[in-house]
Every structure is written in C-alpha cells, then in structure tokens.
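Participant: Make a model of this:
(one chain, ligands or ions: 2)
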Amino acid sequence: MNDIIKIENLTFTYSGGETPHTAIRGVSLEIEKGTFVAVLGHNGSGKSTLAKEMNAILLPSGGRVYVNGMDTFEESLLLEIRKTVGMVFQNPDNQIVANVVEDDVAFGPENIGVAPDEIRRRVDAALSAVGMSVYREHAPHLLSGGQKQRIAIAGVIAMEPECIVLDEPTAMLDPVGRREVIQTIHKLNEERGITIVLITHHMDETIDADRLIVMSDGVIVEDGKPADIFTHVKRLKDIGLTVPETTELLYELQEEGIQVSLDALSIEDCAREIYSAISKKD
Ligand SMILES: Nc1ncnc2c1ncn2[C@@H]1O[C@H](COP(=O)(O)OP(=O)(O)OP(=O)(O)O)[C@@H](O)[C@H]1O
Ligand SMILES: [Mg+2]
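Facilitator: Numbering: from 1, shown residues only. Ligands and ions are numbered 1, 2, ... in the order given. As a prediction, the model looks like this:
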C-alpha cells in the first residue's frame, strides 16, 4: 500500500451552530507515502476541516478516511492513527505544555507509555532533527516564534509519525521564523521520508512541494505540480488566490504580448525566462 492517507467521497457538516454548515463536499484524495503535499485555499474553503479528518480529530459526515488502511471510524485504532499522523497547528504557544524544552518534547511519548531510555533517545533525535538540540534545557516561552514552532514539530516527531499535517504553521511567524520552519519540514521529508501535508496561505511556501492541492468552497479545484497549477493564473485569481510574484510578473509580460512561459517559479528561473525572451526579441 503506497498511500498513507486515502479519502473517499468525504463530506463534513458542522452541525453545532444554529444552521448546519457543510465545510467539505465530496472530496476524494490519496496521499502517497513520502510525498510533500501543499494545500492552498481561501479563508473558509475547508482546509482545516480536511486536516482534522486526516487524524480522526473529526470523523466524516459522509464517506470514509483511511490512514495506512485504518478506517478513522474504528475507535480501537484511534491511538494507532494518531501515532501515524501527527498534527502541528498555527499557534505554537497553544502547543507547548512544559516549562523546559526537553520535557515538552518528551510529553507525547511519556503519555503513551514509552520506556524512559527510549524517550531519551527520541527526544535527542527529535531536537536534532529540528536543529534545536542546544536549547534542550531552555524555557520554551523565551524562544522566538519560529523556534517554538520547531519545538512543537519536535514534539510531534518524538511520536515517530509517518506523516505530519501542518495547519498554517507559519501564520504567526516573522519571515525568519517562516523560513526556519519550512526548511525544517523539507528536511524531515527529504532525510527521513516523513510524508508532509502543509496547509498554508503563503504561495511561496508551496513552490517546492511535490504536489499542490487547491481548495475552494469545500471541494478540490486543482491538484498537480505547483509549476503547472500556477500557470492557471486566471482561474486561481477567480477563486480569490494570488499567484507567486514570479508568476504574476511573467503573466503580466505575457498579457503585454511578450512570449514567456509561466512555469518558471524560482527567481533565478524567472530571470532566465525573461532574459531569453528579451534576447529573442532583438
Ligand atoms: N466549529 C465550527 N462550527 C461551524 N462552522 C465551522 C466550524 N469550524 C469551521 N466552520 C466553517 O466551516 C468552513 C470551513 O472552515 P475551515 O476552518 O475548514 O476553513 P479553512 O480553509 O481552514 O479557513 P482558514 O483559511 O480561515 O483557516 C468555514 O465556512 C467555517 O466558517
Ligand atoms: Mg484553517
């Protein structure tokens, strides 16, 4: 089985309020092991709801979600499902539970009864994976936002998940913190083969993903390679998303009749694309 997450015709309706609200409307999706998948979508498009379905925080109103083949409806598998898919949320302050970094990272494994020697090994490995080993005896509340979020990620890694779902993990961070966190999760994906699902509002954080999924009003409207999807500039703009600055520049040049291709996402590729278009003109 190559898919770590398999979602079949999922619908989800919030029924707590005065009027029920359907946030997911018939989504089917498979996420292959070891891939880095980014999810974009406007406010309220259903991204967080989808994320919560991926480790049984929410259960389907219709359809099925399988994690490594385990049906999230199966209560006896809940612990195994939560161990397989870890979650990281937006606000690092809400995810830190201890007064010392290493205690915080140890909290999850301690809770599931991991032996002390093994906990020590996991804490060392997790802190090293996020580049925070030297801070192990520090107080988390004195760290920067990016560092706190890396500690939250270490806490998830200490549970040795196969997949991590991150719901706008950089939303509250400054540019330095954002970069730290994005680099960290790419490293986890590349070096440890951890499957990543990254939900974000920042287009530039999705450029290096293997796959980009775009949601709008509870359905998936785009699914493919980021460079391909960003060429659909008009369609993305129509659903309230902006494209990366490189794509925007190439798009405007194209509108002016200059022949450039829209899939040059990095600044270097974009510059090269413009250079060659201008050279051709002469
Ligand atoms: N607990 C809730 N009760 C009722 N409706 C909810 C609840 N949580 C979310 N919703 C509604 O469900 C829809 C999808 O919400 P969701 O949080 O999944 O969107 P999102 O894409 O994560 O948005 P954002 O970008 O703002 O984080 C929204 O219309 C939202 O108002
Ligand atoms: Mg959300």
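Participant: From now on I want contacts and neighbour counts done on CA atoms only, so please keep to that.
Facilitator: OK.
Participant: so Ile196 is in which element?
Facilitator: Following DSSP states H and E, one finds Ile196 within strand 195-199.
Participant: Next SSE downstream of that strand?
Facilitator: strand 211-216.
Participant: Relative to that next one, what are the paired strands and their orientations?
Facilitator: Note on strand 211-216: by DSSP bridges, its sheet partners are strand 36-41 (parallel), strand 219-224 (antiparallel).
Participant: Now the element after the first one, going C-ward?
Facilitator: Read that as strand 36-41. helix 47-53.
Participant: how is the protein carved up into domains?
Facilitator: According to automatic domain parsing, the chain comprises the domains 3-241, 244-282.
Participant: Can you name the residues of the stretch 1-150 of the chain that neighbour ligand 1?
Facilitator: Counting by CA under 6 Å from any ligand atom, the residues of the stretch 1-150 of the chain close to ligand 1 are 14, 16-17, 21, 23, 42-49.
Participant: Which ChimeraX command selects the buried ones in those?
Facilitator: Buried subset of these, written as a ChimeraX selection, criterion 16 or more other CA atoms under 10 Å:
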select :23,42,45,46,47,48,49
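Participant: phi, psi of Gly26?
Facilitator: Dihedral angles of Gly26 (phi, psi; degrees, to the nearest 10) stand at phi 70, psi 60.
Participant: Tell me how many other residues crowd it.
Facilitator: With neighbours defined by other CA atoms under 10 Å, the count for Gly26 comes to 17.
Participant: Which pLDDT value does the model give it?
Facilitator: For Gly26, the pLDDT comes out at 97.
Participant: Return the residues in contact with Pro168.
Facilitator: Wrong residue type there; residue 168 is Glu, not Pro. By CA atoms under 8 Å, 6 or more residues apart in numbering, Glu168 lies in contact with 89-90, 198-201.
Participant: Closest one to ligand 1 out of those residues, please.
Facilitator: Set against ligand 1, the nearest of the contacts of Glu168 by CA to the nearest ligand atom is His201 (7.2 Å).
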